[in-house]
Structures are given as structure tokens and as C-alpha cells.
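Undergrad: Sequence first, then the predicted structure, then my questions.
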Amino acid sequence: MTYVQKFSVSLAAAALIALGTGQIAQAVLLVESESAVVNLDAKEVLFTVNFNKAPDFFTVDKFNRHADSFQYFIDPDGELPILNASPIYSNFSSIIRGEEISVASDIRIRDVFSVGASEPNSGGWGKIRGSVPYSLDDNVLKFSAPLQLIGDSDGVFSYQLLLTEFGVWNGISNENKSIVAAPDLERYVFKATNLGKKDLGVTQLLSKPYIASVPEPNLALGALTFGALSVGLRQKYKSAVS
């Protein structure tokens, strides 16, 4: 299932960058779509970013600033707008640093606040919590991270994605909330109704917090109802978490 959420992009900012640099707007790295889909069973989140062009994470200038880079700020409370705390950044649990991809060919996740002397390549942010591999297929970036590593526990968090060009924020930001992936409802219903013990069935499944209430099926319809019910459950689930 493909998940695409709404995000805010300042096209005016992109246009100003293009005018200021004398480059066409297409040369500015933009986010066309992005998502953070949580798998609660695995306790991890898959980040996906679809850029308007293939990013260049390895070219640096004489100040060691990268041609293209990104950072995620993670708020485990799931609030929007994300910059809503005082002092600033105090609501963030971690920062995901695309700026450090060229250091060890992975994505580092750091604490927001540093304690003591700054670490090399940290950009002034806190200590390394861990790092994760990534894949870049042309203009599509993907990486997964354990929820614990980003400082979240329930899979419901908000985040801000920023893009930078040679160390300078390009004026474009994307704020969004994580998506908790729907469980495999057909598999759960099948297992629940074939345990050989007490019938757990649809009634108990509907009591789960991730599924909104839907009318109980007419058992006389039997198997003909099951397919429609499964589709209805998924639709109700998506409405509940939208």
C-alpha cells in the first residue's frame, strides 16, 4: 500500500533561490512527496523521500559543506506546527543528519543538544545515538530506523524535514506526522476464527484501538460478506488515522 501525505512547500522561496543564483528553478532540490510509515510489530519507521531530481550528497565546497543535504527534527509528542516549544528545539527527541552521509556512507541520528565539546562532523548538535543504512535509487531516498533510536515509543510522532544547499537552508520545509501502517486484517480475522477455541472473530478485532467501529456483519451472508468487510475495515482504519 502506498502512503502519501500532504506537505507544505514554499515555491516562492525556491523561486527566490533560483533568481539569486541565476539558476532555473528545476536545479533547486525539492521534495515532491515524503512519508514516515511505522511498523509497530517491528517497532521501526520507514522514511521515504521522493525528490524532484537525484540529490548530490557527496560533493563538498572548500568549507566542507555538501551540495545537497537534509535534516529531520523528531517530536515524539506528535504536535504540529513542530517549532512550538520554548526554549526552541526543547520538544525534539532527536535529529536525523543527512549532512553526515559522506562521513561513513550511512545516516547518523543524534541527540539535539550537545553536552560538552562538540563531536567532529556534528554541526554543533548532540552525541550520536546510532546510525542506519540508506538506499538512493535515482531521486528516491529510503531508510528505516528503530523507534527507540529516534526517541519515540508509540509510533505517533511529528517531524520537520529541511533541505540545505552547501550548508544553507533553501527556505523550504516539510512538516508532517508519522503514519501507523494498518495490520494485515485478513490474516488477523482468519487466525481469530480458526483458533479451535473461543471464537475471537470480528467482534474482538473491532475492539482494538487501531480499528474504528464498523457495523457487525450479518453472519447469514457468510463468506460473501468477508471480502467487503475486510475492505471496509481498511477504509475505516485509514479514516481513523488521517
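TA: Received the coordinates, thanks.
Undergrad: Would you mind listing the residues in contact with residue 140?
TA: 48-51 (C-beta atoms under 8 Å, 6 or more residues apart in numbering). For the C-beta atoms, the positions are set from N, CA and C on the backbone; glycine is no exception.
Undergrad: in the sheet, who's paired with it?
TA: residue 50, residue 137 (DSSP bridges).
Undergrad: Neighbour-wise, which one of the contacts of residue 140 leads?
TA: Using other C-beta atoms under 10 Å as the neighbour criterion, residue 49 leads the contacts of residue 140 with 23 neighbours.
Undergrad: That residue touches residue 163, doesn't it?
TA: No: Residue 49 is beyond contact range of residue 163, at 9.4 Å (criterion: C-beta atoms under 8 Å).
Undergrad: shared neighbours, these two?
TA: Common contacts of residue 49 and residue 163 (C-beta under 8 Å, 6+ apart): 31, 70.
Undergrad: got the contact list for the nearest residue to residue 101 once chain neighbours are set aside?
TA: Of all residues not flanking residue 101 in the chain, residue 57 sits nearest, at 4.6 Å (C-beta to C-beta, 6 or more residues apart in numbering). Residues near residue 57 by C-beta under 8 Å, 6+ apart: 66-69, 98, 101-102, 136.
Undergrad: any idea what residue 125 is structurally, helix, strand or coil?
TA: coil (DSSP: H, G, I helix; E, B strand; the rest coil).
Undergrad: Quick check: the gap between it and residue 88.
TA: Distance, residue 125 to residue 88, by C-beta to C-beta, to the nearest Å: 13 Å.
Undergrad: Same drill for those two, tell me which one is more crowded.
TA: Legend: neighbour count by other C-beta under 10 Å for residue 125 and residue 88, higher for residue 125 (22 against 9).
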